[in-house]
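[1] After the sequence you'll find the predicted model.
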Amino acid sequence: MSTDRSLYPDLVLSFDRNLERALNREKPAKGKRRQPPARPIPVVRKSLMEPLSKDPRGWERLVGESNLVSINFLDRGRRAADAVCMIRVPAPEISWRGTGFLVAQRLLMTNHHVLGTLAEASQAEAEFGYEIDVDGVARHPVKFNLAPHEIFFTDPELDVTLVSVNRYSDADVPLDRYGRLPLIPLSGKAMDGEDVSIIQHPRGETKQIAIRASQVIDLRCREQPGIDDDYLEKFIHYSTDTQPGSSGAPVFSDNWQVIAIHHKAIPDWSKMPKGFKAQDPRTGVGEGDIEWLANEGVRVSAIYRKLERSRFSDANAAAALARLEEAIGLQPLIRPQFSRTSAAEFEADRKPLKQVVWDKLAGKLGYRADFLAGRALSLEDILAGSEDKVAPLKDGSLLLHYLHFSTAIDRERKFPLLTAVNIRGDSLFHPGDRGPWRRDIRIDDEFQPNEEFYGRDKGTVPVDFDRGHLVRRFDPCWGEDRDEAIIANDHTFHYTNTAPQVNGYNANDWGNLEDYVLSQTQIKEKRVTVFTGPIFRSDDPLFTVRKTEATYRIPISFWKIAVIERSPTEIAAVGFMNGQLKYVSALYEAQVFGGLRPYTLEELKEQNIQVPIATIEEETGLNFAALRDADTLGALEATKRVRFIRKASDILF
């Protein structure tokens, strides 16, 4: 990108004495090759390493014992380069160029300072294949128009833009020909001192590469102003050569995973004259007088976090994130909104049940801890240590009891922290029609968002949330007669048993699993207890209700534990998690990815994940110690204690 347009100085970093000082290293003795010291490999980075069959010297290379790479390193780099393009903006008064790359189907990523507005993106072209061939001849670029009217998300702080691209070029060449570079949300894809490469269009010239000629740098020891731990959560630094025009280029780890998008160079502020400001001609300091410390890229993990936080308030962020998730084999959390006309969807809330109704059911209400033979599963024990998180009822207690199930509400998040239901497979009844939604009179209104949150005026907010049952309405519908089942069904339609879920998420992702568990209880006439809840994380995305201006953090992951009575003295417990964050972690723990080729969307999109109960305890802070010895995954000795559930029969009971 030209310096008269750029907000950041992208300058060449030469490997001379200045760089040696910046890296705080001594030059090797003559005739000896400097080897970086051995260092521990972070868990995520280790999990992303190629198997020995694909990269026999990968481990040694990372710890500094070998520079040998498998010959497929070149082939994979060639494949990665196809997705990199030059961005040209032919503005009326001034034109400029930058680099970009495809990260998902018809989705391009570059810097905000390359494409900062929708108007700029509307004029821009993405030119693929502008490079020198094996005969030294420059190929003609294939030009694609951008489609910002479909997706255009930009963030000045992270200096990143995501924009949709037309499906065909001006010469009818399909965009799919150039592949994509899927982005991994997990942090830890590169480590300090690891070799990195960058593919770029410097100064708008043909495509070039700085390959394994530089390394990741940790600037915390350099005491540069503004560079602290929070800053380094968003940005990564490296010594790769770049030039103006390299803005927006992908930065690759040693196994061709994109770790960052390049955006600027970092000057050594300790060497600057007092009062110096970058690009301020009044300082009298020219670019040739600046000592550059490193180049800087925006971490992929930081971009994902930004999109996650914005997905429920910005439709473009949601659309971009959906495409990124599809590119790595995940089923998008947010799906296209469809017209829904059923009376149940638009029915106004009914009045809360009066206290006298609850009094008449005294003695019958609530989850039973002794429901399963031979094992007491007390909710008080499960909540031990988390009592301060639970919203109190008006009478000071912590649990809301309904027919055959109970719930505990999170004080801060206003949604259920935990639900627990007993199921008897030998006395289930179909309850008939859906019940009406209502609040519960026994707990303050502030802890149970109602129709004002979920809304009936579709299209006025970026995302329309469904009222997702946590205790499924069929599960507690058992008893002596159908009348009892109808009461239990109505009880599940309380807002204290619901969490916000995007249209179709609950039905599609949990439906088959729940049906299978329920069918097992019916066929075998067994008893089952099911615990369910959201996973509350501090970085869950925010959503503001326009009518009330109340702001909520929306959980994007959910967990479920089913405990089955196998015999009068034996139980089995199975734990599940469903949500993009745990999907991604488990995918890499299980070595799903090889090179840049994930499983196909068809193979992954319908999966749930069966996980150890200890993992659910870690994520939620709840105490399921009473179930650990019954966990069907807990006894597995393999390091891969994660099971992908493509079909219900894959569940390990």
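    Noted; the coordinates are in hand.

[2] Low-confidence stretches in the stretch 151-300 of the chain?
    Scanning the stretch 151-300 of the chain for pLDDT under 70 picks out the ranges 212-213, 220-226, 240-245, 268-292.

[3] Surely Gly435 is in a helix?
    No. Under the criterion used here (DSSP: H, G, I helix; E, B strand; the rest coil), Gly435 is coil, not part of a helix.

[4] Would you mark the buried spots in the host helix or strand of Gly575?
    Following DSSP states H and E, one finds Gly575 within strand 570-579. For strand 570-579, the neighbour count (16 or more other CB atoms under 10 Å) marks Ile571, Ala572, Ala573, Val574, Gly575, Phe576, Met577, Asn578, Gly579 as buried. Any C-beta I mention is one placed from the backbone N, CA and C, and that applies to glycine too.

[5] Save these as a markdown table, and put in pLDDT and distance to Pro352 too.
    Below are the buried residues of strand 570-579 laid out as a markdown table (pLDDT from 0 to 100; distance: CB to CB, whole Å):
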| residue | pLDDT | distance to Pro352 |
| --- | --- | --- |
| Ile571 | 87 | 36 |
| Ala572 | 86 | 38 |
| Ala573 | 89 | 35 |
| Val574 | 87 | 35 |
| Gly575 | 87 | 34 |
| Phe576 | 85 | 32 |
| Met577 | 84 | 33 |
| Asn578 | 79 | 31 |
| Gly579 | 74 | 31 |
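
[6] Relative to Thr544, which of the residues you listed is nearest.
    In terms of CB to CB, no member of the buried residues of strand 570-579 lies closer to Thr544 than Gly579, at 21.8 Å.

[7] is the closest one in a bridge, and if so with what?
    For Gly579, the beta-bridge partners are Ser557 (DSSP bridges).

[8] quick one: it and Ile554 touch, right?
    No. If you go by CB atoms under 8 Å, Gly579 and Ile554 don't touch, sitting 11.4 Å apart.

[9] What's the separation between Leu158 and Pro352?
    To Pro352, Leu158 is 45 Å away according to CB to CB, to the nearest Å.

[10] Next: Phe252.
    Distance from Phe252 to Pro352, by CB to CB: 58 Å.

[11] give me the number of residues near Gly193?
    Applying other CB atoms under 10 Å, we find 16 residues neighbouring Gly193.

[12] And Pro568, by the same measure?
    8.

[13] Give me the spatial nearest neighbour of it, chain neighbours excluded.
    Leaving out its chain neighbours, the residue that sits closest to Pro568 by CB to CB, 6 or more residues apart in numbering is Ala373, at 4.7 Å.

[14] That neighbour belongs to a helix, doesn't it?
    No. Looking at Ala373 with three-state DSSP, it is coil, so not inside a helix.

[15] residues contacting it?
    Ala373 makes contact with Arg527, Glu565, Pro568, Thr569 under the criterion CB atoms under 8 Å, 6 or more residues apart in numbering.

[16] CSV for the residues you listed, including distance to Phe128?
    Shown next, in CSV, are the contacts of Ala373 (distance: CB to CB, whole Å):
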residue, distance to Phe128
Arg527, 60
Glu565, 60
Pro568, 67
Thr569, 66
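
[17] Now intersect these with the strands, please.
    Arg527, Glu565 (DSSP state E).

[18] Need the max-distance pair from the contacts of Ala373.
    Arg527 and Thr569 (13.1 Å).

[19] which of these two has more neighbours?
    Arg527 (19 against 9).

[20] which residues does the closest residue to that one other than its chain neighbours contact?
    Of all residues not flanking Arg527 in the chain, Glu565 sits nearest, at 4.4 Å (CB to CB, 6+ apart). When contacts are counted by CB under 8 Å, 6+ apart, Glu565 touches Leu372, Ala373, Lys526, Arg527, Val528, Ile571.

[21] Next one: the third one from Asn166, what distance?
    When CB to CB is the yardstick, Lys526 and Asn166 sit 56 Å from each other.

[22] Between these two, which has more neighbouring residues?
    Set side by side, Lys526 and Asn166 show more neighbours around Lys526, with 18 against 15, by other CB under 10 Å.

[23] quick one, strands of the stretch 351-500 of the chain?
    Listed in chain order, the strands of the stretch 351-500 of the chain (DSSP state E, counting those that start in this stretch) span 400-402, 405-409, 416-424, 465-469, 498-502.

[24] Mean neighbour count for these - can I get that in JSON lines?
    Shown next, in JSON lines, are the strands of the stretch 351-500 of the chain (neighbours: other CB atoms under 10 Å):
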{"stretch": "strand 400-402", "mean neighbour count": "24"}
{"stretch": "strand 405-409", "mean neighbour count": "26"}
{"stretch": "strand 416-424", "mean neighbour count": "25"}
{"stretch": "strand 465-469", "mean neighbour count": "20"}
{"stretch": "strand 498-502", "mean neighbour count": "24"}
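
[25] Same list (those strands) but as JSON lines, adding mean pLDDT.
    Output for the strands of the stretch 351-500 of the chain, formatted as JSON lines (pLDDT from 0 to 100):
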{"stretch": "strand 400-402", "mean pLDDT": "97"}
{"stretch": "strand 405-409", "mean pLDDT": "98"}
{"stretch": "strand 416-424", "mean pLDDT": "95"}
{"stretch": "strand 465-469", "mean pLDDT": "84"}
{"stretch": "strand 498-502", "mean pLDDT": "86"}
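
[26] Out of those strands, the one nearest His112 is which?
    The closest of those to His112 is strand 498-502. By CB to CB, the value is 27.7 Å.

[27] packing partners for that closest one?
    strand 465-469 (3 or more CB pairs under 8 Å, 6 or more residues apart in numbering; DSSP states H and E).

[28] Does anything pack onto the strand it packs on? Which helices or strands?
    Where contact means 3+ CB pairs under 8 Å, 6+ apart, strand 465-469 is packed against helix 451-454, strand 498-502, helix 505-524.

[29] Which of those comes out lowest on mean pLDDT?
    Lowest mean pLDDT within the helices and strands packed on strand 465-469: helix 505-524, a mean of 57.

[30] residues contacting His201?
    By CB under 8 Å, 6+ apart, His201 lies in contact with Val84, Cys85, Met86, Arg97, Gly98, Thr99, Tyr130, Lys207, Gln208, Gly245, Ser246, Ala249.

[31] In the stretch 1-150 of the chain, where is pLDDT below threshold?
    The stretch 1-150 of the chain contains residues with pLDDT under 70 at 1-70, 91-93.

[32] Can you show me the strands along it?
    84-89, 96-104, 107-110, 125-128, 142-145.

[33] mind checking which of those strands is nearest Leu428?
    Of those, nearest to Leu428 by CB to CB is strand 96-104, at 43.5 Å.

[34] relative to strand 84-89, how tilted is the closest one?
    130 degrees (axes from the mean of the first three to the mean of the last three CA atoms, to 10 degrees).

[35] List the buried residues of strand 96-104.
    Going by neighbour count (16+ other CB under 10 Å), the buried part of strand 96-104 is Trp96, Arg97, Gly98, Thr99, Gly100, Phe101, Leu102, Val103, Ala104.

[36] Equivalent analysis for stretch 477-493, please.
    Neighbour counts over stretch 477-493 (16+ other CB under 10 Å) mark 477-479, 484-493 as buried.

[37] Could you find the lowest-pLDDT member of these?
    pLDDT across the buried residues of stretch 477-493 is lowest for Gly479, at 88.

[38] correct me, but that residue touches Asn489?
    No. Applying CB under 8 Å as the test, Gly479 and Asn489 come out as separate, 11.1 Å apart.

[39] for stretch 383-395, what is the average pLDDT?
    On average, stretch 383-395 scores 96.

[40] Residues in contact with it: which ones?
    With CB under 8 Å, 6+ apart as the contact definition, stretch 383-395 has outside contacts at 398-400, 408-412, 414, 417-418, 442-444, 447, 621-623.

[41] Could you pull out the buried residues of stretch 252-272?
    Residues 252-269, 272 are the ones in stretch 252-272 that count as buried (16+ other CB under 10 Å).

[42] An error on my part: the question was meant for stretch 314-321.
    Buried, per 16+ other CB under 10 Å, within stretch 314-321: Asp314, Ala315, Asn316, Ala317, Ala318, Ala319, Ala320, Leu321.
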